[in-house]
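Visitor: sequence plus predicted model, see below.
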Amino acid sequence: MTGLAIAANGLRKSYGDKVVLDGVDLSVPEGTIFSLLGPNGAGKTTVVKILSTLVTADAGDLRVGGHDLATDPQAVRAAIGVTGQFSAVDGLITGEENMLLMADLHHLSRREGRRVAAELLERFDLTEAARKPASTYSGGMKRRLDIAMTLVGSPRIIFLDEPTTGLDPRSRHTMWQIIRELVAGGVTVFLTTQYLEEADELAHRIAVLHDGGIAAEGTADELKRIVPGGHVRLRFTDPAGYRSAADALREAARDDEALALQIPSGGSQRELRSILDWLDSEGVEADELTVHTPDLDDVFFALTGGAAVPHQPTEAAR
């Protein structure tokens, strides 16, 4: 377990006859962002509740922060922080009072509590709003306050359960930067999210939860490679150039109406250079070259049995 912030082997949980988690294995290295993806109802929040001691597992060897969940839950609680998709902020009191309440819960002295609260409010750009009721805060401000409250106890591991749900794009990107800064400071982040772009942007490793188990796990790039369908699309305006290219590139799928060819490709630099060199050598001018490589949307739908989604080019050249 050395070097692992979270280790779960054979995690199982049922509610009555419904099996939610059926032998889940997870390994999260210290100082990394680990993202758990899955359809609604797949059990992501149940995993978070179990690993954060809020719910008891039916079975499994579970360690968080080096502590056994079954025998030493208090030590686990001392090492972690939890921020759910629904804010724990009390809107009836000010941001500062919310922070000081957390300091009291962590048994900090009044002087130490005020120091920590002031530092965290400044760090999360909440100093000006500190004396205002939290009910007047925007959604992004409440999420920042929520995480600031979580950090009062200096946790080494933070569980973020869909922390950016409902936030506008600007607030979401601000939250991403906060998460990156936490990890740069040595914190481990266990992130569940419904935004695949978020996992792709942040996570060092990603696991997809489906039908009670882990359908796949790896880096974003590793997961993308398990889904076929990468291609290069060449579009022409000159019908003669299109026909010439179509005759030579036999492996390409033709779209005669759009004067476009779709060539299977992993999108590597070598493959692109080969196509461009061939066009130059033949004197054929393609008006547009776009590259599509599978993204996490493709991976998610492939692994969870969803319908296909429209592909969007991820890179354009020439």
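Guide: Thanks, I have it.

Visitor: give me the neighbour count for the closest residue to Gly65 other than its chain neighbours.
Guide: In space, and not counting its chain neighbours, Gly65 is closest to Ala79: 3.4 Å by Cβ to Cβ, 6 or more residues apart in numbering. All C-beta atoms are positioned from the backbone trio N, CA, C, and that covers glycine. Neighbourhood size, Ala79 [other Cβ atoms under 10 Å]: 18.

Visitor: and the gap between Ala79 and Ser52?
Guide: Distance, Ala79 to Ser52, by Cβ to Cβ, to the nearest Å: 10 Å.

Visitor: on that earlier part again, who's in contact with the residue nearest to Gly65?
Guide: Residues counted as contacts of Ala79 (Cβ atoms under 8 Å, 6 or more residues apart in numbering) are Val64, Gly65, Gly66, His67, Pro155, Arg156, Ile157.

Visitor: cutoff 6 Å now
Guide: Gly65, Arg156, Ile157 (Cβ atoms under 6 Å, 6 or more residues apart in numbering).

Visitor: a strand runs through Glu217, doesn't it?
Guide: Yes - checked against DSSP: H, G, I helix; E, B strand; the rest coil, Glu217 lies within a strand.

Visitor: and the pLDDT at it?
Guide: Glu217 carries a pLDDT score of 95 in this model.

Visitor: who's it bridged to?
Guide: Judged by DSSP bridges, the bridge partners of Glu217 are Ala207.

Visitor: what is the burial count for Asn98?
Guide: Number of residues near Asn98 (other Cβ under 10 Å) recorded here: 27.

Visitor: how near is it to Asp90?
Guide: For Asn98, the distance to Asp90 - Cβ to Cβ - is 6 Å.

Visitor: the nearest residue to Gln194 once chain neighbours are set aside: neighbour count?
Guide: Excluding the flanking residues, the one nearest Gln194 by Cβ to Cβ, 6+ apart is Glu162, at 6.1 Å. For Glu162, the neighbour count with other Cβ under 10 Å is 19.

Visitor: kindly report the same for the one 4 residues further on.
Guide: Each residue near Gly166 was counted by other Cβ under 10 Å, and the total is 13.

Visitor: what about it, which SS state?
Guide: Classified using three-state DSSP, Gly166 is coil.

Visitor: give me the pLDDT value at the residue lying closest to it once chain neighbours are set aside.
Guide: Leaving aside its chain neighbours, Gly166 sits nearest to Gly139 (5.9 Å; criterion: Cβ to Cβ, 6+ apart). pLDDT recorded at Gly139 is 88.

Visitor: doesn't Gly31 belong to a helix?
Guide: No - looking at Gly31 with three-state DSSP, it is coil, so not inside a helix.

Visitor: isn't it right next to Gly186, touching?
Guide: Yes - under the criterion of Cβ atoms under 6 Å, Gly31 makes contact with Gly186 at 5.4 Å.

Visitor: and those two? which has more neighbours close in?
Guide: Neighbour comparison, Gly31 and Gly186: the larger count goes to Gly31, with 17 against 9 (by other Cβ under 10 Å).
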